[in-house]
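>>> any chance you could fold what I've pasted below:
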Amino acid sequence: SQSNTFWILSIWVFFQAGVAFPAGWLREKGILTARAATLIGAALSFVGFLSISHFNNVSAAVLGFGLLGGVGSGLIYATCINMVGKWFPERRGGKTGFVNGGFAYGAVPFIFIFNYAFNIGNYQTVLDLIGVYVLVIVAVCALFFRDPPKNWWPADIDPLKIEAGSRNARTLAKNPPAAKQYRPMEAIRTGMLPLIWVLLVITAGVSIFGISFQVPFAKDVGFGPLVAASSAGVLSVVNGVGRGVVGWLSDLWGRKITLIFVITVLGLAQFGVLWAGTTKNEILFLVFAFISGFGGGAFFPLFAALTPDYFGENYNATNYGLAYSGKLISGLFGGGLGAMAVNSWGYSGAYILAGGLSLVAAAMAMLL
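The predicted structure is shown next:
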């Protein structure tokens, strides 16, 4: 059933986010290297696809795809994101956003595969091939992965003596380096890490809700499969590209102002998608899918860059793991509880709730 499907997705999101902190702790302790974490992630992601391909019950799908596949994907995601923050401390916004975007626009070809070339007759072959694709590509990339040394900084840039008017001067003025290297408990005591966690819970929940229900909503109001798939494709492309653009903007505007802007856009876009769907306007639906995709992904690199901005690079894998663990909660209410909201209040009530929550988060972000 649709409810089964979205709970499997929610379990996947739970473990994809939940592994970030323990993986970060193991990496900071030197027990797990960036290369090893990513290789393990590639293997587990492969197992996840095989499980939904060859096991014919919900419990097995939850265990194989939800738990093991989620852990695998989380190992890959967290390693890539916090490794970039360590390598580019002077311009981490744009760099983090570019890499973070891969998590979104990498999905684009599969949206069309699943809408047009995926059925009862070939689902095992399609899922098996996708699993092999993920395993091979990620494992090859992992062979080149390594973290920089502790306290690493580019040799040609002095953070205390930046040439006036240079690009780095503007970026570091808006996003100065952390006052010191904060350990996780020190970061929590500042009050800012818990606030970042709460903001990520809300915004990621709204984003996951939009990603999960945009295509079912489009089909429910009578749009054809091309519009439904195209709206999801648009959402994913802009979700990914928007992460890179917003990361770059945050280097110029400052992380906080950019974050408030993005969360506000995300909230307003939910009302727009609902309006366009209710009025059965396909063009506006694609426009608001574009805007929703932008807001629904762009906040991720901002949180990823904001964390080492505040707390330094040395413990970034652990600190960002704590912040990103907010997605544990958002995965549950964005997917599973989102399905319950749709069943109880219809798409109108669910979209109004999602938009309202996002605007509340934008107001809370002013406290950063």
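
>>> measure residue 279 to residue 272 for me?
11 Å (Cβ to Cβ, to the nearest Å). To be clear about C-beta, it is placed using only N, CA and C from the backbone, and glycine gets the same treatment.

>>> between the two, tell me which one has more neighbours.
residue 272 (20 against 10; other Cβ atoms under 10 Å).

>>> which residue comes closest to that one once chain neighbours are left out?
Leaving aside its sequence neighbours, residue 272 sits nearest to residue 288 (Cβ to Cβ, 6 or more residues apart in numbering; 3.6 Å).

>>> how far away is that neighbour from residue 111?
Using Cβ to Cβ, residue 288 is found at 17 Å from residue 111.

>>> looking at the two, which is more packed in?
Ranked by neighbour count (other Cβ under 10 Å), residue 288 and residue 111 place residue 288 first, with 26 against 20.

>>> which strand or helix spans the more buried one?
Element membership of residue 288, judged by DSSP states H and E, is helix 282-311.

>>> quick one: that helix to chain centroid distance?
9 Å (Cα atoms, centre = their mean, to the nearest Å).

>>> which SSE is immediately downstream of that helix?
Next along the chain after helix 282-311, taking DSSP H and E as the criterion, comes helix 316-324.

>>> average pLDDT across that following helix?
Helix 316-324 carries an average pLDDT of 87.

>>> what packs against the helix or strand just after that helix?
For helix 316-324, the succeeding helix or strand toward the C-terminus, using DSSP H and E, is helix 326-331. With contacts taken as 3 or more Cβ pairs under 8 Å, 6 or more residues apart in numbering; DSSP states H and E, helix 326-331 sits against helix 2-18, helix 192-220.

>>> need those helices in JSON lines (columns: mean neighbour count and distance to residue 52).
Below are the helices and strands packed on helix 326-331 laid out as JSON lines (neighbours: other Cβ atoms under 10 Å; distance: least, Cβ to Cβ, whole Å):
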{"stretch": "helix 2-18", "mean neighbour count": "21", "distance to residue 52": "8"}
{"stretch": "helix 192-220", "mean neighbour count": "23", "distance to residue 52": "16"}
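
>>> of all the ones you listed, which lies closest to residue 90?
helix 192-220 (21.2 Å; Cβ to Cβ).

>>> can you give me the angle that closest one makes with helix 316-324?
In terms of direction (axes from the mean of the first three to the mean of the last three Cα atoms, to 10 degrees), helix 192-220 departs from helix 316-324 by 60 degrees.

>>> taking helix 2-18 as reference, get the angle to helix 192-220.
Going by the same axes, to 10 degrees, helix 192-220 makes 150 degrees with helix 2-18.

>>> so which elements touch helix 192-220?
Helix 192-220 sits against helix 2-18, helix 225-253, helix 255-278, helix 282-311, helix 316-324, helix 326-331, helix 337-365, with contacts defined as 3+ Cβ pairs under 8 Å, 6+ apart.
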